[in-house]
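*Asks:* Here's my sequence, what's the structure:
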Amino acid sequence: MTKPHTERRIIYPGTFDPITNGHEDLVRRAAALFDEVVVAVAAQTAKTTIFPLAERVALAKATLGGIPGVRVRPFPGLLIHLLQEEKTHLILRGLRAISDFEHEFQLASINRRMNAQIETLFLMTSDQYTFLSSSLVREISRLGGDVDAFVQPSVAAALKQHFCVGMDPKLTEK
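*Replies:* Below is the predicted model of the structure:
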């Protein structure tokens, strides 16, 4: 007897501050494996974000809007509550290097402890993005560097605007 087809939905949570080409690559690859990838932008996080939630969601939508089967949404509170709301038990996480594993392992373990049905699936980052992180992109942009190779144009423009507003013109002179 075969099981009836059920939609395979996976949640990709994060702060996406900002969303990078590495995030986009992971979403594209996951979209080929699942019926729907829900990119869940965290409203509440221990991290200090530079962009407000609405702007992080808008940038993620602009970056990922052309990928079939991908939906971007904000989420408050615990990830396990979002999983219940979205009627799935699957979490997607990306691993860049072995240094990511310990933190991701802790998150996967605690989520599973709160709900034994939760499965966390890990995708290795594509080779060209193993070095890339949102924090590095923010730092390069903050220091006036070019981030065009790391993010989509709308994200690069938002970063430039964020870090140029209020900047001392003497510091940006060449």
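*Asks:* Mean confidence (pLDDT) on the longest helix along the chain, please.
*Replies:* When the chain is parsed with DSSP state H, its longest helix is helix 98-114. The average of the pLDDT scores along helix 98-114 is 89.
*Asks:* which is the next helix or strand following that helix?
*Replies:* Next helix or strand after helix 98-114 toward the C-terminus (DSSP states H and E): strand 119-124.
*Asks:* So, low pLDDT: which residues of this protein?
*Replies:* 1-6, 165-174 (pLDDT under 70).
*Asks:* where exactly do the strands run in it?
*Replies:* For the chain, the strands defined by DSSP state E cover 9-14, 36-42, 70-75, 90-95, 119-124.
*Asks:* so how far is the second one from its chain's centroid?
*Replies:* The chain centroid and the centroid of strand 36-42 are separated by 8 Å under C-alpha atoms, centre = their mean, to the nearest Å.
*Asks:* hmm, back to that, most packed of the strands of the chain?
*Replies:* With neighbours defined as mean count of other C-beta atoms under 10 Å, these peak in mean count at strand 36-42, which reaches a mean of 24. All C-beta atoms are positioned from the backbone trio N, CA, C, and that covers glycine.
*Asks:* Residue 156 touches residue 147, doesn't it?
*Replies:* Yes. Judged on C-beta atoms under 8 Å, residue 156 makes contact with residue 147 at a distance of 5.3 Å.
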